[in-house]
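>>> Sequence first, then the predicted structure, then my questions.
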Amino acid sequence: EDKVVQSPLSLVVHEGDTVTLNCSYEVTNFRSLLWYKQEKKAPTFLFMLTSSGIEKKSGRLSSILDKKELFSILNITATQTGDSAIYLCAVYSGGGADGLTFGKGTHLIIQP
Amino acid sequence: NAGVTQTPKFRILKIGQSMTLQCTQDMNHNYMYWYRQDPGMGLKLIYYSVGAGITDKGEVPNGYNVSRSTTEDFPLRLELAAPSQTSVYFCASSYSGTVVHGETQYFGPGTRLLVL
């Protein structure tokens, strides 16, 4: 059974801090890893990673994948209160379910 | 494009009642999915469909049924609601089942269901 584990499950930091969110996985046929941000409603797509060592960057957010060690990190620098959300990691294995296996998420709270 | 729409936004059911959660997409996507999200948990796949007339079970299908008579619609049916089905339900769609080149799943806004 495919498994995705995120840590920490919750994190409280002050505005301006830098945070690193972790995602490790065990899947039988890894194809890609995705990061989503979920505020009050549905998840919104952030990044998709397929190759090791290549950083994806969007503004203050960046992410990288290590396929040898089976994990990914999501970094957020100079955090703002608008970054408060649940960050979901998901792995696509291209298996019969044709869906994504999601981790439990990291609940990030940015205090002013 | 409205994207993926879901109705209702919120519903309270009594144990044993039935209901259908509606999901519609206007992007001509072949693949559609139903997930449930419990507090403190990730999304779990209930059912998915690779095209009109074709559906298959996901990770947690028990207690649910789906149909896909058209490309646009993918309703989820709860026949005998149980408290364990209290959750937030998300419908999603994608053009193909292969997540490549930034192609990802588009999510609806969710339906919050409470079974008492």
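Structure received.
>>> any weak-confidence spans in chain B?
B:97-103 (pLDDT under 70).
>>> which parts of it sit against chain A?
Taking CB under 8 Å from any CB of the partner chain, the part of chain B that reaches chain A is made up of B:31, B:33, B:35, B:40-45, B:48, B:50, B:56, B:58-59, B:90, B:97-100, B:102, B:104-105, B:107-110. In this view, the C-beta of every residue, glycine as well, is placed from N, C-alpha and C.
>>> run the last query once more with 6 Å
Within reach of chain A by CB under 6 Å from any CB of the partner chain, chain B has these residues: B:33, B:41-43, B:45, B:48, B:58, B:90, B:97, B:99, B:102, B:104, B:107, B:109-110.
>>> Which of those residues has the largest number of neighbours?
residue B:43 (31 neighbours; other CB atoms under 10 Å in any protein chain shown).
>>> Show me the beta-bridge partners of residue B:36.
With DSSP bridges as the criterion, residue B:36 is bridged to residue B:44, residue B:89.
>>> show me the residues around it that make contact.
B:44, B:46, B:87, B:89 (CB atoms under 6 Å, 6 or more residues apart in numbering or on different chains).
>>> Point out where chain A drops to low pLDDT.
Where chain A drops to pLDDT under 70, the residues are A:94-98.
>>> which bits of chain A sit near chain B?
A:32, A:41-43, A:45, A:48, A:92, A:97-99, A:102-105.
>>> related to what we said a few turns ago, what's the most distant pair in the residues of chain B next to chain A?
Taking CB to CB as the measure, the residues of chain B next to chain A span a maximum distance of 26.6 Å, between B:41 and B:102.
>>> how about the strands of chain A, start to end?
For chain A, strands defined by DSSP state E occupy the ranges A:3-7, A:10-14, A:19-26, A:32-38, A:44-49, A:56-58, A:61-66, A:71-76, A:85-92, A:100-102, A:106-111.
>>> The second one - contacts with which helices or strands?
For strand A:10-14, the helices and strands in contact under the criterion 3 or more CB pairs under 6 Å, 6 or more residues apart in numbering or on different chains; DSSP states H and E are strand A:106-111.
>>> How about the strand it packs on, which residues are buried there?
Under the neighbour-count criterion of 16 or more other CB atoms under 10 Å in any protein chain shown, strand A:106-111 has A:106, A:107, A:108, A:110 buried.
>>> my guess is residue B:51 contacts residue B:32, does it?
No: here residue B:51 lies out of contact with residue B:32, judged by CB atoms under 6 Å, at a distance of 9.0 Å.
>>> Give me the more crowded residue out of these two.
residue B:32 (29 against 13).
>>> Could you verify that that one is part of a strand?
Yes: judged by DSSP: H, G, I helix; E, B strand; the rest coil, residue B:32 forms part of a strand.
>>> Who does it form a beta bridge with?
residue B:49, residue B:93.
>>> burial of residue A:57, as a residue count?
By other CB under 10 Å, neighbour count at residue A:57 equals 11.
>>> How about residue B:5?
Residue B:5: 14 surrounding residues under other CB under 10 Å.
>>> May I have the secondary structure class of it?
Applying three-state DSSP: residue B:5 is strand.
>>> which stretch of helix or strand covers the closest residue to it other than its chain neighbours?
Among residues not flanking residue B:5 along the chain, residue B:24 sits closest, at 5.1 Å (CB to CB, 6 or more residues apart in numbering or on different chains). Residue B:24 belongs to strand B:19-25 when elements are defined using DSSP states H and E.
>>> Off-centre distance for that strand?
Distance of strand B:19-25 from the chain centroid (CA atoms, centre = their mean, to the nearest Å) equals 7 Å.
>>> Tell me the buried residues in stretch A:20-35?
Counting neighbours by 16+ other CB under 10 Å, stretch A:20-35 gives A:21, A:23, A:24, A:25, A:27, A:30, A:32, A:33, A:34, A:35 as buried.
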